[in-house]
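Enquirer: The following comprises the amino acid sequence and a computationally predicted model.
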Amino acid sequence: MLRQYELVEKVKAYDPDADEALLNRAYVFSMKAHGSQMRASGDPYFSHPIEVAGILTDLKLDDETIVTAILHDTIEDTVATHEQIEKLFGPSVARLVDGVTKLSKIEAQSENERAAENLRKFLLALSDDIRVLLVKLADRLHNMRTLHHVPSEDKRRRIARETMDIYAPLAERIGMYEIMNEMQTLAFRQLEPDAYASIMRRLSQLHAVGGDLVSRIGLGLQLHLADHGLEADVMGREKHPYSIWKKMAERHISFEQLSDVMAFRVIVEQAEDVYRALGLIHQRWPMVPGRFKDFISTPKRNGYSSLHTSVIHDSKMRIEIQLRTREMHLQAERGLAAHWAYKEGKPATEVKVPWISDLVEILDHAESPEELLEHTRMAMYQDRIFAFTPKGELIQLPKGATPVDFAYAVHTDLGDQTVGAKVNSRVVPLRTLLDNGDQVEILVSKGQHPQPSWLRFVATGKARAGIRRFVRHKERDETVLLGRKIYEEIVERLPAPLAKEALARAIKKLKVEDADALMIAIAKRRVDDDALIEALMPGAAGGDIAPRPPSQRTAISIKGLTAGVAYTLAPCCHPVPGDRIVGLRREDESIEVHAIGCDTLANGTDADWLDLAWGDGSDGGTARLSVILRDVAGALGTMAGVFGAKGANIVNLALVHRDGSFHTFHIDLEVHDLAHLHAILAALRDADAVSSAERL
Ligand code: MN
């Protein structure tokens, strides 16, 4: 384990201005906080954050990042709090530590590639400072290095899988190939122990036969270049077991057939020497067609530049060669961290490039337009949030999304049946804004339908379309129902019973498609009473048909009340028969009847609640509507006409708002029951003069 002074010296070596006191304070704080906690290896737990900090000093990261690494498990695993850390180490470190803590809570539940991809994006979106991600990657790397101490095989496999699917690709995306390679090797060893062992065995057999082939070939390359006056460093290595295995799997070849297990790097000082070296090598050894790539003239979007080629070496062995300058090499090895590393003479704040734009550049090793598109979306991550289903599936949503958006994003059926939602196990209103990392459970009920009022707060087009589609269907159903009522009323007034085939004949005669279409035409007054009567019973129209009976108001009754107790229908929510109702017992023992959705109930009250229901045959109630009329001639008359035609009495009417060409009226209306009210609303909405009609 790194000692305190060793760590401080390491940082000071590349950053003489590093805050030594801050580093010392962090070391002591973390040691005390972790106390006697142990790692699976039997080492003190405290050794882990120090080693993670050590990994990051190799990348020459600034003192705040190193301090964050030292403290990264204190909030999660000890009694230390955010406030303490903020007080001792400042808001910037506290924010970074919070960020790492947040990332650590996310567990991969990926069973497929898409889920893994989502999780990677999620982790990126959560790391609003790239240093958070760097600490997390170093944390994971150290956990992988010590993975063999974990006793449970299941757990070892899960951690290795997660590393392979999530963290190694993230390291690759930000250009940290060293970390990626080590993660892959360690994870591969855990996940495919047999393949790993066999590759290692074959490699050592190859060594036994060829001696140190890598050094010999490397030296040969270097001498060949030197013969032509070009000084170069040549580094050779066997490829990592995981990349050998991947190649074997991809090309379906055996280890014997796999000839390019060696890769070399030729490093020169000047950019033009890179091309000279390439020319010299191609002259001496035949190149393998199709393997040459020029990432100097066209660098990868993550900034990577090099020349890649493969040649057939003297021993008939294919070798891969990467050629680059020293600067390109540093960039390739350190990736984004190289941007972030302490730069001499500049305070850390000036070195901080806006990470998101940087990341967009760097993330893009995109080669196809689709890929490019995908990566440009990265820039928009700040506008997106990620929430989980109870099963751990990640759902991506725009900022401002609500549980209703979430439900529709999962499935249209789920959205249609939504009645409520739990966020992080707490029941919340459907208009609640979701946050990154929220776990959302949608509460459903088969009989429920989307509410038009949701349109006021949903953020996604999918939710909006789902609600609209449903509202349209519902309005259609209501219109059919309304038409049927009018139809039945008319049939009753006919002088004689209808013949069986009368309806079919009328449908044909009035040129409508079917019975439903006829009912809609009736409800919408496209067919007037006389025309309908004539179609149903030729010659009957104009005869002595009784006028429509006036609507009658009968007393309502309520179940659940003691006989004789006084009650009033609450003036706030205006319940009508058909509404679900609850009674509140007032101080004077009288009962106020509220609709279940009433704000008075939601705002809490000390009064007793009584579970009530409407009595059979209850009829009559005053509903309050809000109707917005367009400023067109006769608009008010149209509205009054609808009420008249439906047999509803206006009790009160007030113009509450005037906005250019829209007039908002609040109307108290006597109706029979909920179905009656809905029919009225449907007819209002259908009128051209009416912009919207809703119950208040
Ligand atoms: Mn850790």
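Expert: Sure thing, it's come through. Numbers count the residues shown, from 1 in each chain.
Enquirer: Low-confidence bits of the stretch 101-250 of the chain, can you list those?
Expert: Residue ranges of the stretch 101-250 of the chain with pLDDT under 70: 106-128, 174-175, 210.
Enquirer: so what's the residue nearest to Asp294 when sequence neighbours are not counted up against?
Expert: Nearest non-adjacent residue to Asp294, counting by C-beta to C-beta, 6 or more residues apart in numbering: Leu307, 5.8 Å away. No exception for glycine: its C-beta is placed from N, CA and C like everyone else's. Shown in contact with Leu307 (C-beta atoms under 8 Å, 6 or more residues apart in numbering): Val274, Tyr275, Leu278, Phe292, Lys293, Asp294, Phe295, Ile296, Gln322, Leu323, Arg324.
Enquirer: Identify the bridge partners of Leu307.
Expert: Under DSSP bridges, the beta-bridge partners of Leu307 are Asp294, Leu323.
Enquirer: and what of the one 4 residues further on?
Expert: Per DSSP bridges, the residues bridged to Val311 are Met287, Ile319.
Enquirer: for it, what are its contacts?
Expert: Ile281, His282, Trp285, Pro286, Met287, Val288, Arg318, Ile319, Ile321.
Enquirer: Over to Gly35?
Expert: By C-beta under 8 Å, 6+ apart, the residues touching Gly35 are Thr78.
Enquirer: mind checking pLDDT for it?
Expert: Per-residue confidence (pLDDT) for Gly35: 89.
Enquirer: How about Val440?
Expert: On the pLDDT scale, Val440 is placed at 91.
Enquirer: The helix or strand containing it pairs with which strands, and in what direction?
Expert: Using DSSP states H and E, Val440 maps to strand 440-444. With DSSP bridges as the test, strand 440-444 is paired with strand 418-423 (antiparallel).
Enquirer: Need the contact partners of the partner strand.
Expert: 403-404, 406-407, 427-428, 430, 432, 434, 438-445, 448, 450.
Enquirer: quick one, domains of the protein?
Expert: Annotated domains of the chain cover 4-191, 196-336, 342-378, 384-459, 469-613, 621-695 [automatic domain parsing].
Enquirer: would TSV of those with distance to the ion be doable?
Expert: Shown next, in TSV, are the domains of the chain (distance: least, C-beta to the ion, whole Å):
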stretch	distance to the ion
domain 4-191	4
domain 196-336	20
domain 342-378	22
domain 384-459	19
domain 469-613	44
domain 621-695	54
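Enquirer: Of these, which stretch is the most buried?
Expert: Among the domains of the chain, domain 4-191 has the highest mean neighbour count (mean count of other C-beta atoms under 10 Å), at a mean of 19.
Enquirer: Span of that one from start to end?
Expert: End-to-end distance for domain 4-191: 35 Å, by C-alpha to C-alpha, to the nearest Å.
Enquirer: Stretch 278-297 too?
Expert: Start-to-end, stretch 278-297 (C-alpha to C-alpha) is 14 Å.
Enquirer: now stretch 296-306
Expert: 5 Å.
Enquirer: average pLDDT for it?
Expert: Stretch 296-306 shows a mean pLDDT of 77.
Enquirer: ok now that stretch, how far from the chain's centre?
Expert: Centroid separation between stretch 296-306 and its chain, computed with C-alpha atoms, centre = their mean, to the nearest Å, is 31 Å.
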